[in-house]
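1. Quick one, structure for this:
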Amino acid sequence: RMLSLREKRESASPDAGDGDDVLLHTSPSSSSSDGNPGGRKARYPRAVPFIIGNEFCERFNYYGMRAILVLYFVNYLNWTDDNATVLYHAFIMLSYTTSALGGMLADSRLGKFRTILYLSIVYCMGNLVMAGTAIPGATGDPPSWWGAALGLVLIAVGTGGIKPCVSSFGGEQFSAAQAVLLPTYFSLFYFSINAGSLLSMLITPKLRGDVSCFGDDECYPLAFGLPAALMCVAVVVFLCGRRFYREKIPDENVILNVCRALWIGLQSWARRQFNACRGRAPSNETHWLDVAGKRFGSQFISDMRALKRVVVICLPTPLFWTLYDQQGSRWTLQAEKMRTFSMGALGRFRPDMMQALNAVLILAMIPLFDRGVYPLCRRLKINVSPLRRMGLGMILCGLSFVVSGLVQLRVESAGHTPSPPAGTAGLRFVDVCGNNVAFSVNGGAVSTLDINHVSAYEYYAAGPWNIGSSNGGLLAYTPQADSLTTVTCAANLTTPLNDTVLVPLDDSFERGAAHPDKALVRVYNLAFALGNLTASADGNDGKTTVLVQAGMASSFEEFQFVSGNRDIQIDMSSGLSQRVSVSVDDGALYTLLMYQGADGSLQSYFFVEVPGNDVSILWQIPQYVVVTAGEILFSITGLEFAFTQAPASMKAVMQAVWLMTTAIGSLIVIIVAESTLFSVQSTEFFAFAGMMGFVTVIFVLLARRYRYLAEVEAEEGHEKKFTDTHPLLEESSTDV
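-> Numbers count the residues shown, from 1 in each chain. From the prediction side, this is the model:
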């Protein structure tokens with residue numbers, strides 16, 4: 001919407017009267033930049049398809065890489081959720097901070113074309129580093145952090161540097177006769193952004209999770225490699241249009257001039273304070289910036305002072321981006337702990353694909369708000385001023401975190417691994433040796449179980465345990481504090497007595513921490529008299545076969561399945577065999593106990609060690625709907641507000657300030673994650689919602705005192721007019 005207002009002003013024909021429609025025909029005396037004779041319909045500049053194609057490929061690359069980034073940190077580099085969140089938002093912060101650098105380079109003698117080209121090459125190098133260092137062993141075993149750090153720094157410099165340049169460079173290709181086509185161009189440009197981001201956020205998670213490569217069941221090299229290839233294509237496409245590009249080299253660098261004026265003004269202010277302390281007479285300047293007017297002119301300084309009104313209103317806005325950008329970090333980590341679903345022939349829905357819902361909702365909600373919500377408000381005489389829309393957007397963003405907090409409460413309470421009280425250890429029993437077996441600890445009765453049953457955990461002081469069973473089993477065991485132990489009694493038919501076999505639960509496997517989108521199964525061989533056991537099954541990496549000796553177990557990593565019904569073939573060295581059919585859920589850990597029945601037959605018992613993800617990922621849909629509605633109200637309106645309210649000479653500076661609010665928002669996430677203030681994720685979500693509520697109150701108080709530019713001009717007796725109706729490209733512009 002910010003662009004649409006500007007485009008209407010720029011596309012207005014100098015000869016058009018008030019209220020006249022602007023036609024798609026040039027005037028008889030004019031000609032298009034492509035040499036078309038006057039009177040014909042305006043044609044698109046030949047450079048436009050190359051710029052649109054470049055933007056599609058670049059956005060596919062950026063959002064595809066970003067969609068899987070936090071899971072790459074957690075699942076491949078083995079970082080904690082907090083560390084992954086910090087690095088993810090540090091990358092976003094750097095990407096938006098370098099936008100100011102790109103704007104300054106583009107406004108210098110380097111120009112937009114060379115800025116885009118050179119930084120795109122840096123961009124490509126970063127993507128290639130990410131793809132190359134994602135190959136197992138490329139940075140060592142276990143993988144080191146330096147590959148991701150180097151790649152992301154290069155990508156941040158590249159994407160941030162070209163961010164403020166590409167769309168405006170496309171607009172510069174239009175002559176005055178073609179200015180009526182600008183709205184369509186920006187619509188196509190916006191469509192290319194959303195089409196590229198939507199496709200990439202669907203494709204790259206599938207490549208990550210559904211493809212196996214280099215001996216790993218996830219293929220990050222391919223998931224990063226496809227976006228890298230698209231970025232290289234983007235550079236080639238951009239270069240192919242070089243002979244059609246025209247560029248207007250700016251006369252001065254506004255952002256740099258503002259920085260210089262601020263530096264001069266601050267020096268003057270410091271001198272004035274020093275002189276005041278020494279009792280010297282103050283200078284004649286009424287404002288600390290006035291001294292810079294000698295170099296930059298009084299109008300420039302006046303515009304800088306007017307810009308302050310808009311900047312002050314933007315001070316509370318970074319917290320919106322603090323919450324909004326967590327879709328790719330905290331919300332993705334939340335999705336990873338939820339139950340996904342099958343898409344039939346398309347395979348499994350992956351947790352990091354959920355981010356694509358935001359792009360889908362944006363495309364659906366923009367026309368809904370523009371053609372439905374806003375016109376309805378006007379008919380009902382409801383004031384929908386920009387600042388009111390922005391305030392409502394902030395409220396909705398905060399509410400989305402209330403919703404995500406409620407969902408997180410359900411995730412946290414859904415079958416997580418028990419946590420023993422301080423100084424104790426957990427103990428449970430599994431009976432595979434007969435019915436009505438009683439278990440005891442230190443002489444006290446605990447549980448009585450029938451065969452193929454498991455008890456709940458009970459907690460005892462972490463001292464020596466004397467564990468017994470009514471069928472004669474005895475075990476002396478000393479657990480570690482805060483640990484969990486499972487004990488089973490299995491009949492050992494090689495001796496006259498029944499032995500009790502200790503089966504420890506590997507409590508390093510918290511629910512969802514290791515493989516949240518897979519089920520892990522270990523096989524325990526308690527059939528002592530039947531010899532060694534061979535287990536085989538078709539898992540994620542194809543057919544897996546494992547040899548398990550008597551009294552031993554396979555590791556959880558051996559058998560990995562997606563949720564559903566699976567078959568495990570068991571073959572004993574004695575010749576007995578059995579096909580065991582099991583049902584598994586993503587994120588769960590299971591143990592398959594193979595034992596010998598009283599009649600000598602091979603028996604099995606399959607039980608849950610750690611429950612799976614039983615909260616559907618579809619419960620995230622409401623929070624995405626609410627935050628996207630907030631984005632429409634806040635982000636798009638904010639762009640329009642920042643552009644229209646800034647003085648004409650300060651619009652580039654205001655764009656840089658607006659981009660910096662996103663960088664500051666990510667910095668806040670980094671501070672919160674690094675501070676470890678919240679040990680429970682749901683509490684953090686509710687805390688962010690509370691912070692947004694507090695900041696929204698501040699924003700409302702500032703907005704109530706704000707006077708729109710039109711009101712200020714009316715009070716000062718100025719005639720309201722647009723100051724930027726000149727064509728984007730003058731006839732004197734030079735070819736690149």
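
2. what secondary structure does residue 569 sit in?
-> strand (DSSP: H, G, I helix; E, B strand; the rest coil).

3. number of nearby residues for it?
-> Neighbour count of residue 569, defined by other CB atoms under 10 Å: 15. To be clear about C-beta, it is placed using only N, CA and C from the backbone, and glycine gets the same treatment.

4. Now for the closest residue to it other than its chain neighbours, how many residues are close by?
-> Distances taken as CB to CB, 6 or more residues apart in numbering place residue 536 nearest to residue 569, at 4.8 Å, with adjacent residues excluded. Look at residue 536: counted by other CB under 10 Å, it has 15 neighbours.

5. State whether residue 536 is indeed within a strand.
-> Yes - per three-state DSSP, residue 536 lies within a strand segment.

6. I'd like to know the beta-bridge partner residues of it.
-> Legend: beta-bridge partners of residue 536 under DSSP bridges are residue 545, residue 569.

7. ok, now which ones touch it?
-> Neighbouring residues of residue 536 by CB atoms under 8 Å, 6 or more residues apart in numbering: 543, 544, 545, 546, 568, 569, 571.

8. between those residues, which has the most around it?
-> Comparing those by number of neighbours (other CB under 10 Å), residue 568 comes first, having 24 neighbours.

9. Surely that residue and residue 580 touch.
-> Yes - with contact defined as CB atoms under 8 Å, residue 568 counts as touching residue 580 (4.8 Å).

10. Now for the two: what residues contact both?
-> Shared contacts of residue 568 and residue 580, counting by CB under 8 Å, 6+ apart, come down to residue 592.

11. which regions of the stretch 1-150 of the chain sit below the pLDDT cut-off?
-> For the stretch 1-150 of the chain, applying pLDDT under 70 flags the ranges 1-42.

12. and if you look at the stretch 301-450 of the chain?
-> For the stretch 301-450 of the chain, the stretches with pLDDT under 70 are 415-417.

13. okay, which residue is most central for this protein?
-> The centre of the chain sits closest to residue 328, judged by CA atoms, centre = their mean, with a distance of 1.4 Å.

14. Contact partners for it?
-> By CB under 8 Å, 6+ apart, the contact set of residue 328 is 66, 67, 69, 70, 88, 355.

15. What is the burial count for the last one?
-> Using other CB under 10 Å, residue 355 has 23 other residues around it.

16. So which of the contacts of residue 328 is the closest to residue 687?
-> residue 88 (18.9 Å; CB to CB).

17. Got a quick PyMOL command for the buried subset of the contacts of residue 328?
-> Entered in PyMOL, the line below selects the buried ones among the contacts of residue 328, by 16 or more other CB atoms under 10 Å:
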select buried, resi 66+67+69+70+88+355
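
18. how much space between the residue nearest to residue 569 and residue 564?
-> 18 Å (CB to CB, to the nearest Å).

19. Nearest spatial neighbour of residue 55, chain-adjacent residues omitted?
-> residue 192 (4.8 Å).

20. Give me the pLDDT for that neighbour.
-> pLDDT, residue 192: 86.

21. That one and residue 50 touch, don't they?
-> No - using CB under 8 Å, residue 192 makes no contact with residue 50, being 11.8 Å away.

22. Quick one: the contacts of residue 536 as CSV, columns for distance to residue 446 and pLDDT too.
-> What follows is the contacts of residue 536, written out as CSV (distance: CB to CB, whole Å; pLDDT from 0 to 100):
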residue, distance to residue 446, pLDDT
543, 41, 75
544, 37, 82
545, 38, 87
546, 33, 88
568, 31, 92
569, 36, 92
571, 36, 92
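
23. which of those residues lies closest to residue 655?
-> Of all the contacts of residue 536, residue 544 has the smallest distance to residue 655: 54.9 Å, by CB to CB.

24. so who does the closest one touch?
-> By CB under 8 Å, 6+ apart, the contact list for residue 544 reads 536, 537, 538, 558, 559.

25. Determine which two of those are furthest apart.
-> Pairwise over those, using CB to CB, the maximum falls at 538 and 558, 13.0 Å.

26. More neighbours: those two, which one.
-> residue 558 (18 against 14).

27. any idea how far that one is from residue 592?
-> For residue 558, the distance to residue 592 - CB to CB - is 11 Å.

28. Repeat that for residue 448.
-> 24 Å.

29. What of residue 551?
-> 15 Å.

30. So residue 629: helix, strand or coil?
-> When classified by three-state DSSP, residue 629 comes out as helix.

31. Check the one 3 residues further on too.
-> Reducing the assignment to helix, strand or coil with three-state DSSP, the entry for residue 632 is helix.

32. Next, count neighbours for residue 555.
-> By the criterion of other CB under 10 Å, residue 555 has 11 neighbours.

33. And residue 382, by the same measure?
-> 10.

34. Let me know the closest of the contacts of residue 328 to residue 439.
-> Relative to residue 439, the closest of the contacts of residue 328 is residue 70; by CB to CB it sits at 43.8 Å.

35. How far off centre is the one helix or strand that closest one maps to?
-> Assignment of secondary structure by DSSP states H and E places residue 70 within helix 69-71. Here helix 69-71 shows a centroid-to-chain-centroid distance of 8 Å under the convention CA atoms, centre = their mean, to the nearest Å.

36. And the contacts of that helix?
-> With contact meaning CB under 8 Å, 6+ apart, helix 69-71 is reached by 84, 85, 88, 91, 208, 328, 329, 332, 333, 336, 351, 352.

37. Next up, the contacts around the fourth one.
-> So that's residue 91. 66, 69, 152, 155, 156.

38. ok, now the first one?
-> If a contact means CB under 8 Å, 6+ apart, then residue 84 has 70, 73, 74, 329, 333 as its contacts.

39. Surely it forms part of a helix?
-> Yes - membership of residue 84 in a helix is supported by three-state DSSP.

40. List the buried residues of stretch 607-620.
-> By 16+ other CB under 10 Å, the buried positions in stretch 607-620 come out as 609, 610, 611, 612, 613, 615, 617, 619, 620.

41. Dump those residues into CSV; add distance to residue 630, pLDDT and secondary structure as well.
-> Shown next, in CSV, are the buried residues of stretch 607-620 (distance: CB to CB, whole Å; pLDDT from 0 to 100; DSSP: H, G, I helix; E, B strand; the rest coil):
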residue, distance to residue 630, pLDDT, secondary structure
609, 41, 80, strand
610, 36, 79, strand
611, 34, 80, coil
612, 32, 79, coil
613, 27, 78, coil
615, 24, 88, coil
617, 21, 92, helix
619, 19, 95, helix
620, 15, 96, helix
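
42. how about those residues, which pair is most distant?
-> Farthest pair in the buried residues of stretch 607-620, by CB to CB: 609 and 620, 26.5 Å.

43. what are the phi and psi values for residue 586?
-> The phi/psi pair for residue 586 (degrees, to the nearest 10) reads phi -60, psi 140.
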